[in-house]
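[1] just the structure for this:
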Amino acid sequence: MTLAEMLVGVFVMGIAGWIVYDVYVSAGRFSGSEQDRIEVDVSANRVLTVMDQYLRQAKSVLAQYPTSGAPTYTSGDSAVVLALPTTLAGNTLHASATDIAVFYRNGTALVLLIDADEGASSTRTDGTREITANVKDAFFRYNTVAVTSATAATVLLRTQRTVLGAPYTQTALLNVTFRNHP
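    Coordinates of the predicted model:
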């Protein structure tokens, strides 16, 4: 084998190696972007699953809820305040006690606030938790003009994340009938 043949062989192997490397890097980039898209989709679905659970349990929508030491939450386009039957140990419901659940948007996060009726031994835990981040829009619509008379709600949720330098948006829609529906 001559030096020229050897140099040609090294050159060809270098090109082949570069092609394999480029394919490997591109596959990794594609995989990462797909993972980001999946996270946006899963995030929207996780929110709707949690919201569906609470909305279906709702006895009613409250016009507003004053929480001591915190702002007042008002049911409307950007938030919903729900009165839920208090759940007791053994998954039974209290005859008259009510827990409060508030869904609202805080920046790019959708937040759930629970105020459980501790006097009735509710199994729900008081507190605020972020259900998901990357929320672009969250809209609540009711089947009546007066939210306190509503028996159903529609929730439109858009989550968004930048993937490969471009925004990727997932839109999810939830239609729910409350427990108070005759």
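
[2] count of neighbours near residue 113?
    Residue 113: 20 surrounding residues under other C-beta atoms under 10 Å. Backbone N, C-alpha and C define where each C-beta goes, glycine included.

[3] ranges for the helices of the protein?
    3-57 (DSSP state H).

[4] kindly list the longest strand within it.
    What stands out as the longest strand in the chain, according to DSSP state E, is strand 92-106.

[5] what lies in contact with that one?
    Strand 92-106 has contacts (C-beta atoms under 8 Å, 6 or more residues apart in numbering) with 51, 54, 58-59, 62, 65, 73, 78-88, 110-117, 119-120, 122, 124, 130-131, 135, 138, 140.

[6] do that again at 6 Å, thanks
    For strand 92-106, contacts defined as C-beta atoms under 6 Å, 6 or more residues apart in numbering pick out 54, 65, 73, 78-86, 88, 111-117, 120, 122, 124, 135, 138.

[7] show the buried residues in the residues you listed.
    54, 65, 73, 79-86, 111-117, 122, 124, 135, 138 (16 or more other C-beta atoms under 10 Å).

[8] now residue 78: phi and psi?
    Dihedral pair for residue 78: phi -110, psi 0, per degrees, to the nearest 10.

[9] which one is it nearest to, not counting chain neighbours?
    Spatial nearest neighbour of residue 78, chain neighbours left out: residue 105 (5.9 Å); criterion: C-beta to C-beta, 6 or more residues apart in numbering.

[10] tally of neighbours for the one you found?
    Using other C-beta under 10 Å, residue 105 has 16 neighbouring residues.

[11] can you name the residues bridging to the residue lying closest to residue 139 once chain neighbours are set aside?
    Of all residues not flanking residue 139 in the chain, residue 156 sits nearest, at 4.4 Å (C-beta to C-beta, 6+ apart). Counting by DSSP bridges, residue 156 is bridged to residue 139, residue 173.

[12] residue 156 and residue 11, how far apart?
    58 Å (C-beta to C-beta, to the nearest Å).

[13] same check, this time on residue 149
    79 Å.

[14] got any ranges where the chain has weak pLDDT?
    Low-confidence segments of the chain (pLDDT under 70): 24-33, 36-38, 67-70, 180-182.

[15] taking the centroid of it, which residue is nearest it?
    Nearest residue to the geometric centre of the chain (C-alpha atoms, centre = their mean): residue 47, 3.0 Å.
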